[in-house]
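Participant: based on what follows, work out the 3D shape:
(one chain, ligands or ions: 1)
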Amino acid sequence: MFDLDFPLSIAPMMEWTDRHYRFLMRKITQKTILYTEMVTAEAILRGNQEKLLGKSEDGPCVLQLGGDSPEKILQAARIGAEFCYDALNLNVGCPSERVQNGSFGACLMKEPNLVAELMLAMAEGSKLPVSVKHRIGVNGLESYDDLSKFVQIVHERGKTNHFIVHARIAILEGLSPSENRNIPPLRYDDVHRLKKDFPHLKIEINGGIKDLNDAIFQIDSGIDAVMIGRAAYENPMIFRFADSIFTNQGINSDLEKKNSINIMNPESFNWDKLNEEIEMYLSDWVAQGGRIHTVLRHALGFFYGQKGGRIFRRYLSENMHKSPSDIRLFKNAIASSGVLD
Ligand SMILES: Cc1cc2nc3c(=O)[nH]c(=O)nc-3n(C[C@H](O)[C@H](O)[C@H](O)COP(=O)(O)O)c2cc1C
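Facilitator: Residues are numbered from 1 along each chain as shown. As a prediction, this is how the structure comes out:
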């Protein structure tokens, strides 16, 4: 069991936060809490459990479940716990049609009593800490009072103490999932108000957080924890200072004393070690019949915004399909692009 008090996490993202991405992120930050992609209870009960739930990385990791049947969630949670996750999370934020057809995800915001049952089932099945990730509302239930009622019911009836709040409503008809992550405006004030009204709950904010400075701002404003999604995928190296900037109590006091130069030492990242670890990982993966692009597609953003970063990205994306077993490709992409020169 790993420590879950660290105030920073990387959001669950389908197709993105798979075991390979999480392996790579663990080489950048040991303390940040990682989330799996959402796995539905149905898939766990019927599918290849090792493929769906197997992990390649160490450190704190939370399994996100999707579903609307307490019985199935209980069974899936029991199985999930056998795969050594540190906590479980329920998806009440995803607006995709596929998810809505199963009538779970964001549309569960309309059914807080059912969410409470699902939370009890998840805790009972897994015997692990549980949390719920939700929106500030859905169309038709958009006010702060609706949000506050949802949290109150899920807390009181579902015995849930950790709420991860994506600070946008979800529009359940007419917007694609991607539009639903951009078009409804961010309402951070609602999340801050939630923390004031429920000071005993752990309130984690999500949505539009671009970097660790934004995260520091949120923690300074009294929010307990910050979850970063797209920015963590597009620019993974923003997390290289996460372990020194944050502590379980919030922000490292050395940073507050403006001693940030030591903390943010640009020399501190050991690229040789990373190269070596990636090569070992790829070597195992290729030996199992895997292709390197399954892993290295998650490394395309490693030099985002840096000199040579685009050349690195192009080199990697052009060659990872051409040479599916070339375990030295990451190292060669660094050398060819000059990103570290
Ligand atoms: C490609 C992609 C897949 C996502 N899949 C999930 C998911 O499986 N479960 C979930 O709760 N949210 C999912 N989300 C939403 C994110 O977890 C997060 O709430 C959202 O992107 C807002 O945070 P951000 O602005 O930091 O990206 C996904 C987002 C993206 C971009």
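Participant: interface residues of the protein facing the ligand?
Facilitator: Contacts of the chain with the ligand, taken as Cβ under 6 Å from any ligand atom, map to 11-16, 37-38, 64, 91, 93-94, 133, 166, 181, 206-209, 228-231. Heads up, the C-betas are built off the backbone N, CA and C, glycines and all.
Participant: which among those end up buried?
Facilitator: Buried members of these, scored by 16 or more other Cβ atoms under 10 Å, are 11-14, 16, 37-38, 64, 91, 93-94, 133, 166, 181, 206-209, 228-231.
Participant: in helices, which of those fall?
Facilitator: Per DSSP state H, helices hold the following members of those: 230, 231.
Participant: where does the stretch 201-341 of the chain get nearest to the ligand, which residue?
Facilitator: Going by Cβ to the nearest ligand atom, the ligand is nearest to residue 229 of the stretch 201-341 of the chain, at 2.6 Å.
Participant: need the per-residue pLDDT for the closest residue to that residue other than its chain neighbours.
Facilitator: Excluding its sequence neighbours, the residue lying closest to residue 229 (Cβ to Cβ, 6 or more residues apart in numbering) is residue 11, at 3.5 Å. Looking at residue 11, its pLDDT is 98.
Participant: ok so, going back, wait, the residue of the stretch 201-341 of the chain closest to the ligand touches residue 13, no?
Facilitator: Yes: here residue 229 reaches residue 13: they are 5.9 Å apart, a contact under Cβ atoms under 8 Å.
Participant: run a quick neighbour tally on the residue lying closest to residue 71 once chain neighbours are set aside.
Facilitator: Distance criterion Cβ to Cβ, 6+ apart; nearest residue to residue 71, sequence neighbours excluded, is residue 121 at 7.3 Å. Neighbour count for residue 121, taken as other Cβ atoms under 10 Å: 26.
Participant: hmm, residue 121 is touching residue 78, no?
Facilitator: No: judged on Cβ under 8 Å, residue 121 makes no contact with residue 78 at a distance of 9.8 Å.
Participant: pull the contacting residues for residue 324.
Facilitator: Taking Cβ atoms under 8 Å, 6 or more residues apart in numbering, we find residue 324 in contact with 286, 291, 292, 293.
Participant: ok, so what distance separates residue 285 from residue 269?
Facilitator: 23 Å (Cβ to Cβ, to the nearest Å).
Participant: now swap in residue 175 and tell me
Facilitator: Taking Cβ to Cβ, one finds residue 175 at 39 Å from residue 269.
Participant: Throw the contacts of residue 324 into a markdown table and include distance to residue 25, neighbour count and pLDDT, thanks.
Facilitator: Formatted as a markdown table, the contacts of residue 324 follow (distance: Cβ to Cβ, whole Å; neighbours: other Cβ atoms under 10 Å; pLDDT from 0 to 100):
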| residue | distance to residue 25 | neighbour count | pLDDT |
| --- | --- | --- | --- |
| 286 | 21 | 16 | 97 |
| 291 | 20 | 15 | 97 |
| 292 | 18 | 26 | 98 |
| 293 | 18 | 17 | 97 |
